[in-house]
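Colleague: turn this into a model:
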Amino acid sequence: MKVSLLKSKIHKARITECEIDYEGSLEINSDYMDIVGIRPYEKILVVNSTNGERLETYAIPGPAGAPEFKLNGAAARKGAVGDTIIVMSFGLYEESEAENRKPRIMVLDEKNQIVAKKGSLAE
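Modeller: Prediction:
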């Protein structure tokens with residue numbers, strides 16, 4: 001049997017742009033995607049801590065070095081510039097893998113700069 005566990009998490013990111021006239025998704029700095037292990041076009045869960053909205057979408061890589069989080073398409077209606085969000089991805093693991101599995105967690109400040117690494121990133 002496989003279990004679904006948290007694989008990657010970006011905590012306290014701030015939305016930097018919302019663009020309704022777009023096909024959809026959340027654009028994330030590609031460096032940050034690499035650090036936490038979110039692949040381009042991977043399904044993600046986005047939780048808006050500011051307004052309580054939750055949505056599933058997919059991640060698209062943004063410019064490296066630019067600490068931007070852009071909600072696009074219909075997802076842009078679920079947040080506003082400055083809102084704080086949590087971005088998560090999940091993986092399926094065998095029960096034997098699940099016992100010692102730690103997610104890759106990154107915490108950001110109000111300028112979307114990394115302030116902490118947790119889980120397997122802290123080791």
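Colleague: from here on, just use CA atoms for contacts and neighbour counts.
Modeller: OK.
Colleague: got the contact list for stretch 89-99?
Modeller: With contact meaning C-alpha atoms under 8 Å, 6 or more residues apart in numbering, stretch 89-99 is reached by 1-9, 38, 42-45.
Colleague: my bad, stretch 27-43
Modeller: Contacts made with stretch 27-43 from outside it, assessed by C-alpha under 8 Å, 6+ apart, are listed as 7-10, 56-72, 89, 104-106, 121.
Colleague: so which of these are in strands?
Modeller: Secondary-structure check on these using DSSP state E: residues within strands are 7-10, 56-62, 69-72, 89, 104-106.
Colleague: longest helix of this protein?
Modeller: Among all segments of the chain classified by DSSP state H, the helix with the greatest residue count is helix 30-36.
Colleague: center of the protein - which residue?
Modeller: Relative to the mean C-alpha position of the chain, the nearest C-alpha, by C-alpha atoms, centre = their mean, is the one of residue 87, at 2.6 Å.
Colleague: what distance do you get for that one to residue 117?
Modeller: Here the distance between residue 87 and residue 117 works out to 14 Å (C-alpha to C-alpha, to the nearest Å).
Colleague: shaky segments in the chain?
Modeller: Across the chain, no stretch falls below the confidence threshold (pLDDT under 70).
Colleague: want to throw the contacts of stretch 89-99 into CSV with secondary structure and distance to residue 32?
Modeller: Formatted as CSV, the contacts of stretch 89-99 follow (DSSP: H, G, I helix; E, B strand; the rest coil; distance: C-alpha to C-alpha, whole Å):
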residue, secondary structure, distance to residue 32
1, coil, 31
2, strand, 27
3, strand, 25
4, strand, 22
5, strand, 20
6, strand, 17
7, strand, 14
8, strand, 11
9, strand, 10
38, coil, 8
42, coil, 14
43, strand, 16
44, strand, 14
45, strand, 16
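Colleague: perfect, I'm done here.
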